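Q: have a look; sequence and predicted model below, questions after that.
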Amino acid sequence: MLIGILQTGESPDILRADSGDYPDMFETLLAGRGFTFRTYRVKDMDFPADVHDCEGWLITGSRFGAYEDHPFIKPLEAFIRKVIAAKVPLVGVCFGHQIIAQAMGGTVEKFAGGWAVGPQDYDFGGETVTLNAWHQDQVTKRPEGAEVVGGNAFCENAALVYGDTAFTVQPHPEFPDSFIKGLIDTRGTGVVPDDRLAAARARLGAPNQSGTLADRIAAFFLKPRA
């Protein structure tokens with residue numbers, strides 16, 4: 001199955017040599033599950049010609065806010081709506097989660113509670129799933145028809161499904177602990193409160209369920225559709 005990766009941001013230059021860029025991380029996360037990949041740098045206005053150019057779509061994270069005025073935002077929202085109307089499977093992660101919600105009528109804002117950094121525990125239908133996070137923005141109002149399938153007290157709308165067409169998550173299953181540590185070391189100090197950085201460092205290295213999320217994403221892409 002060919003998955004088109006819609007790249008909306010880049011990993012920091014200082015970390016890219018060791019960790020790769022965002023598309024590399026998703027290819028690693030989903031390796032061995034029957035997918036091939038094609039990347040479109042939509043942040044640079046490189047958009048697919050048609051929603052059927054790939055069999056599924058995945059929108060990456062980004063340092064940009066979904067609500068900010070960047071040239072690629074409105075065209076990406078329009079493409080999202082076309083993908084959903086055509087019922088081509090769509091997955092969004094972090095910024096991808098947020099921009100899909102915004103495109104479909106939801107609200108994305110800087111969360112009053114501040115940052116979520118490092119390993120966080122989410123309730124997925126009674127199953128605790130621990131995943132790495134790095135975000136201040138959240139979906140604060142979900143679109144009509146979006147169902148919550150994962151969340152916690154800090155991030156109520158952490159995972160949403162839109163029927164059989166879209167599955168989106170706020171945390172980063174593609175971010176290994178080494179990348180989170182790199183973000184803490186190079187981007188966190190002076191931006192994220194010290195106590196949250198310390199709490200994130202303390203949990204790095206503990207088991208998480210990125211593989212569980214990879215399985216969920218793969219199952220979503222591959223599920224039979226009429």
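A: Here it is on my side, so go on.
Q: show me where this structure has strands.
A: 2-6, 36-40, 56-59, 90-93, 107-110, 116-124, 127-135, 137-141, 147-150, 159-162, 166-169 (DSSP state E).
Q: residue 64 contacts residue 95, doesn't it?
A: Yes - with contact defined as C-beta atoms under 8 Å, residue 64 reaches residue 95; the gap is 6.7 Å. Placement of C-beta: from N, CA and C, glycine included.
Q: ok, those two, which is more surrounded?
A: Taking neighbours as other C-beta atoms under 10 Å, residue 64 and residue 95 compare with residue 95 leading, 24 against 18.
Q: returning to what we had before: overlap in contacts, residue 64 and residue 95.
A: 8, 9 (C-beta atoms under 8 Å, 6 or more residues apart in numbering).
Q: adding mean neighbour count, write the strands of the chain out as CSV.
A: Listed next are those as CSV, based on neighbours: other C-beta atoms under 10 Å:
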stretch, mean neighbour count
strand 2-6, 21
strand 36-40, 16
strand 56-59, 25
strand 90-93, 26
strand 107-110, 17
strand 116-124, 21
strand 127-135, 19
strand 137-141, 20
strand 147-150, 16
strand 159-162, 21
strand 166-169, 26
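Q: dump those strands into a markdown table; add distance to residue 179 and mean pLDDT as well.
A: Shown next, in a markdown table, are these (distance: least, C-beta to C-beta, whole Å; pLDDT from 0 to 100):
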| stretch | distance to residue 179 | mean pLDDT |
| --- | --- | --- |
| strand 2-6 | 17 | 98 |
| strand 36-40 | 18 | 98 |
| strand 56-59 | 18 | 98 |
| strand 90-93 | 13 | 98 |
| strand 107-110 | 23 | 98 |
| strand 116-124 | 11 | 98 |
| strand 127-135 | 8 | 98 |
| strand 137-141 | 19 | 98 |
| strand 147-150 | 21 | 98 |
| strand 159-162 | 21 | 98 |
| strand 166-169 | 17 | 98 |
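Q: which stretch among those strands comes nearest residue 182?
A: Judged by C-beta to C-beta, the one of the strands of the chain that comes nearest to residue 182 is strand 127-135, at 10.7 Å.
Q: direction included, what does the closest one pair up with?
A: Applying DSSP bridges to the sheet, strand 127-135 is found paired with strand 116-124 (antiparallel).
Q: need the contact partners of the strand it pairs with.
A: Contact with strand 116-124 is made by 128-136, 149-152, 154-155, 158-159, 170-171, 177, 180, 183-184, 188, 192, 196-197, 199-201, 203-204, 206, 208, as judged by C-beta under 8 Å, 6+ apart.
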